[in-house]
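A.B. asks: here you go, sequence then predicted model.
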Protein chains: 2
Amino acid sequence: MQSKTKEQIQEQYNCPATCKKTGLIEKYKRHLPVTDKTPLISLGEGNTPLVQASNIPKLLGYPQLKIYFKLEGLNPTGSFKDRGMTLAISKAVEDGAQAVICASTGNTSASAAAFATKAGLKCYVLLPHGYVALGKLAQAIHYGAQIVPIKGNFDRALELVRELAEQAPVTVVNSINPYRLEGQKTAAFEIVEALERQPDYLCIPVGNAGNICAYWRGFKLYNELGITEASNITRMHGFEAEGSAAIVRGEPIKNPETIGTAIRIGNPASWQEAVRAASESKGKIDSVTDEEILAAYKMLGTAEGIFCEPSSAASLAGLIKHLNSGLIPGDATVACVLTGNGLKDPDTAQKVTTVDLTPVEAEISALRQSMGL
Amino acid sequence: MQSKTKEQIQEQYNCPATCKKTGLIEKYKRHLPVTDKTPLISLGEGNTPLVQASNIPKLLGYPQLKIYFKLEGLNPTGSFKDRGMTLAISKAVEDGAQAVICASTGNTSASAAAFATKAGLKCYVLLPHGYVALGKLAQAIHYGAQIVPIKGNFDRALELVRELAEQAPVTVVNSINPYRLEGQKTAAFEIVEALERQPDYLCIPVGNAGNICAYWRGFKLYNELGITEASNITRMHGFEAEGSAAIVRGEPIKNPETIGTAIRIGNPASWQEAVRAASESKGKIDSVTDEEILAAYKMLGTAEGIFCEPSSAASLAGLIKHLNSGLIPGDATVACVLTGNGLKDPDTAQKVTTVDLTPVEAEISALRQSMGL
């Protein structure tokens, strides 16, 4: 198939200003499992910025490197989950569901609750009752979800979610919902449109391992459709946290641990597809330590003015690891996915940086001396 | 002047996908005080969603009402301040500044710190030393700002900021910086482009009163340029919090109080221009109580799946007040500006909603009974 010209790509995929009020299903419906009858439940998800790093390449000693950060934390509920949830909830409405249900304490429950409310559906969030930390659930509660603490563990909560969906008119929106990854693949489309090509590498955090699969589906589709050139396809580099690196170790981890709570998952749901995405694209799934994650998290703030969830910084931490090991060349074009908004975890921000708050005399000369001006 | 057709407006203002990596100055440079020499310091600000309310009009008893929420909390640092800061920092770099400075504990300091870091400038945040609440400053600190607590009050901090700027190569980015309102007016452009017309009414929180002026400049300019029809111009309805309603009362308030900390300002910097904006547009500046603000804040969450800062909800609270008093007709097209992200204030979210966390037996029939399914 002939590749399209840049102008054709731009023409086809320009976002008219009105798409800011219609969301990503409307823009990408030709690539999504929707029909004219599917109601479009949108909160303005997608269409997130792709910001080129100004200072990190030089800081790392790779001045030729081009890093682009995909700011998924600027989605309506603060994470990439909204891309999949707009589709999952729209399809639930189309299928006549009266409610949706999930077992989650974090970004999934926030996103599910927001889109369900927008659609006029009830949202139930099942949780082990000892596990309920209100801070993590503040968003879901604000969006009106009903929190259901059960006398059982997380695995039992997931079992009950599936059983309930079989018996009652309620749709599961956990990662077993097939529409979620379909919606998430639109982020790959947006990166291609902004760069007018595919990046050489994608660096992405891996927890449940669904998002790396979604991006690979997106890049592969644009390649198959001839929107990008056959020779230009992205290598997928995914990064688990070392304390929950089931795929890297090759076995599930019973008690996963990492500061990146959004990727603290010991038995990823999309394990096999993620392994295929890495091997088909000639990429790699690797792990990074909590120290590397936190260093990257701080570097994003102090060198680029970007505030992401700690787990999001696994993408930059992984990029640094693979630059230094030679797996990614120092003059590559790399997209790093920052999956969630730093405001979701204010505690970590305050813990990792200490500031000197010694007061200064309220007069100019003392101030200039203190500030070195 | 002839009005342009909808097609012409769309053609002129469509956002090519590449504008997601270049920011709002690039898109709107013809309307902003920049030249080819101005460096563009962007974090992907602007281009925020405009989401139509699905459920609130019926809830309020005005089924014909069209409400559009402008989600300014989805800017890179979580508030509308980024629109002005991209321009203020870009101009500071153009003018040879080595640092920027502000006196602020909230959204301004976060935005200033992020854009300064992106530009490679130092950012100083001056504060009364007894006033420092680390939670409110977590973002500025994460972005690498230097916090300078002084032995003096807030007014003294502002004085020192101005004096320092006169003596040293440092640019003030508080609201006295004229570029901030110029950048902020782009939000009005985006609303017009999304609706393909001007809304009948704009409802907006009023604190320092700059933002209502910026929107009015934007709407007025599009009208003067013939981009919208002469008969179609937005009425500006601004809302102060009752405990800090200086403009409504007609005098500065010494100790302003409101739950909406972002609009807790007793002597608005843009007072006179805001009064003119309201009168020229045949709108009104009014006040809403903290109870009305909190009710609107909760309604946004539980009816629309939107999580904003409490102060942002003053726009919806005000709309409700003016609908009920007849000042705004029940079939109008209204844009409500939601200025900041709810994640900036997780404490209020947790305080206003109580949840029943009584655990349920981990088996289907008990669950179905508890959930009413």
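C.D. replies: Structure's in. What do you need? Residues are numbered from 1 along each chain as shown, chains lettered A, B, ... in the order given.

A.B. asks: mind checking which helix or strand of chain A has the lowest mean pLDDT?
C.D. replies: Counting by mean pLDDT, DSSP states H and E, the weakest-scoring helix or strand in chain A turns out to be helix A:6-13, with a mean of 54.

A.B. asks: tell me the first helix or strand C-terminal of it.
C.D. replies: helix A:23-28 (DSSP states H and E).

A.B. asks: may I see the buried residues of that following helix?
C.D. replies: A:G23, A:L24, A:I25, A:K27, A:Y28 (16 or more other C-beta atoms under 10 Å in any protein chain shown). (Glycine included, C-beta is placed from N, CA and C.)

A.B. asks: what helices or strands is it leaning on?
C.D. replies: In terms of contacts (3 or more C-beta pairs under 8 Å, 6 or more residues apart in numbering or on different chains; DSSP states H and E), helix A:23-28 is packed against helix A:81-94, helix A:186-195.

A.B. asks: is the first one up against chain B anywhere?
C.D. replies: No: with C-beta under 8 Å from any C-beta of the partner chain as the criterion, chain B is not reached by helix A:81-94; the gap is at least 9.7 Å.

A.B. asks: tell me the mean pLDDT for the helix or strand following that helix?
C.D. replies: Next helix or strand after helix A:81-94 toward the C-terminus (DSSP H and E): strand A:99-103. Across strand A:99-103, pLDDT averages out at 96.

A.B. asks: now swap in stretch A:336-343 and tell me
C.D. replies: On average, stretch A:336-343 scores 97.

A.B. asks: with stretch A:50-58 instead?
C.D. replies: 98.

A.B. asks: what about the helix or strand where A:L316 lies, near chain B?
C.D. replies: Using DSSP H and E, A:L316 falls within helix A:314-324. No: against chain B, helix A:314-324 shows no contacts by C-beta under 8 Å from any C-beta, the least distance being 14.7 Å.

A.B. asks: pretty sure A:A145 sits against A:T108.
C.D. replies: No: between A:A145 and A:T108 there is no contact under C-beta atoms under 8 Å: 11.1 Å.

A.B. asks: looking at those two, which one has more neighbours?
C.D. replies: A:A145 (27 against 24; other C-beta atoms under 10 Å in any protein chain shown).

A.B. asks: near chain B, which residues of the stretch 201-350 of chain A?
C.D. replies: A:298, A:301-307, A:341-344, A:346, A:349-350.

A.B. asks: helices of the stretch 251-373 of chain A, residue ranges please.
C.D. replies: For the stretch 251-373 of chain A, the helices defined by DSSP state H, counting those that start in this stretch cover A:271-280, A:290-304, A:314-324, A:346-352, A:364-371.

A.B. asks: can you put those helices in JSON lines and add mean neighbour count, distance to B:E196 and mean pLDDT?
C.D. replies: Formatted as JSON lines, those follow (neighbours: other C-beta atoms under 10 Å in any protein chain shown; distance: least, C-beta to C-beta, whole Å; pLDDT from 0 to 100):
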{"stretch": "helix A:271-280", "mean neighbour count": "18", "distance to B:E196": "40", "mean pLDDT": "98"}
{"stretch": "helix A:290-304", "mean neighbour count": "21", "distance to B:E196": "36", "mean pLDDT": "98"}
{"stretch": "helix A:314-324", "mean neighbour count": "26", "distance to B:E196": "38", "mean pLDDT": "98"}
{"stretch": "helix A:346-352", "mean neighbour count": "17", "distance to B:E196": "39", "mean pLDDT": "90"}
{"stretch": "helix A:364-371", "mean neighbour count": "15", "distance to B:E196": "49", "mean pLDDT": "91"}
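
A.B. asks: can I get those in CSV including distance to B:G207?
C.D. replies: Converted to CSV, the helices of the stretch 251-373 of chain A look like this (distance: least, C-beta to C-beta, whole Å):
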stretch, distance to B:G207
helix A:271-280, 47
helix A:290-304, 26
helix A:314-324, 35
helix A:346-352, 22
helix A:364-371, 27
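
A.B. asks: of those, which is nearest A:N55?
C.D. replies: The closest of those to A:N55 is helix A:290-304. By C-beta to C-beta, the value is 4.5 Å.

A.B. asks: which helices and strands does that closest one pack with?
C.D. replies: helix A:56-60, helix A:314-324, helix A:346-352, helix B:107-119, helix B:134-142.

A.B. asks: for B:N324, find the nearest of these.
C.D. replies: helix B:107-119 (29.9 Å).

A.B. asks: mind checking the pLDDT average for that closest one?
C.D. replies: Helix B:107-119 comes out at a mean pLDDT of 97.

A.B. asks: residues contacting the next helix-or-strand element following it, please?
C.D. replies: As assigned by DSSP H and E, the chain's next helix or strand after helix B:107-119 is strand B:122-128. Strand B:122-128 is contacted by residues A:367, A:371, B:98-105, B:109, B:112-113, B:116-117, B:137, B:140, B:143-150, B:152-154, B:156-157, B:160-161, B:170 when judged by C-beta atoms under 8 Å, 6 or more residues apart in numbering or on different chains.

A.B. asks: show me where pLDDT drops low in chain A?
C.D. replies: A:1-21, A:132 (pLDDT under 70).

A.B. asks: A strand includes A:M236, no?
C.D. replies: Yes: assigned with DSSP: H, G, I helix; E, B strand; the rest coil, A:M236 falls within a strand.

A.B. asks: from what I can see it touches A:V275, true?
C.D. replies: No: with contact defined as C-beta under 8 Å, A:M236 does not reach A:V275; the gap is 10.5 Å.

A.B. asks: ok, the closest residue to A:A53 other than its chain neighbours - contacts?
C.D. replies: Nearest residue to A:A53 in three dimensions, chain neighbours excluded: A:I67, at 4.0 Å (C-beta to C-beta, 6 or more residues apart in numbering or on different chains). Contacts for A:I67 were tallied using C-beta under 8 Å, 6+ apart; they are A:Q52, A:A53, A:I56, A:P57, A:L316, A:L319, A:V334, A:A335, A:C336.

A.B. asks: in TSV, list the helices and strands packed on helix A:290-304 along with distance to B:G250.
C.D. replies: As requested, the helices and strands packed on helix A:290-304 are exported to TSV (distance: least, C-beta to C-beta, whole Å):
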stretch	distance to B:G250
helix A:56-60	51
helix A:314-324	52
helix A:346-352	38
helix B:107-119	26
helix B:134-142	30
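
A.B. asks: sec struct for A:E240, please.
C.D. replies: Assignment for A:E240 (three-state DSSP): strand.

A.B. asks: ugh, wrong one, I meant A:L202
C.D. replies: Quick answer, by three-state DSSP: A:L202 is strand.

A.B. asks: quick check: phi and psi at A:V51.
C.D. replies: phi -110, psi 120 (degrees, to the nearest 10).

A.B. asks: that one: how many residues sit nearby?
C.D. replies: 26.

A.B. asks: related to what we said a few turns ago, got JSON lines for the buried residues of helix A:23-28, with distance to B:E361 too?
C.D. replies: Formatted as JSON lines, the buried residues of helix A:23-28 follow (distance: C-beta to C-beta, whole Å):
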{"residue": "A:G23", "distance to B:E361": "39"}
{"residue": "A:L24", "distance to B:E361": "40"}
{"residue": "A:I25", "distance to B:E361": "39"}
{"residue": "A:K27", "distance to B:E361": "45"}
{"residue": "A:Y28", "distance to B:E361": "43"}
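
A.B. asks: excluding chain neighbours, what is closest to A:P199?
C.D. replies: A:A335 (4.2 Å).

A.B. asks: hey, what's that neighbour bridged with?
C.D. replies: A:Y68, A:L202 (DSSP bridges).

A.B. asks: which ones are touching the closest residue in space to A:F80 that isn't next to it in sequence?
C.D. replies: Spatial nearest neighbour of A:F80, chain neighbours left out: A:E72 (3.9 Å); criterion: C-beta to C-beta, 6+ apart. Residues near A:E72 by C-beta under 8 Å, 6+ apart: A:T48, A:S79, A:F80, A:R83, A:A187, A:S312, A:V337, A:L338, A:T339, A:G340.
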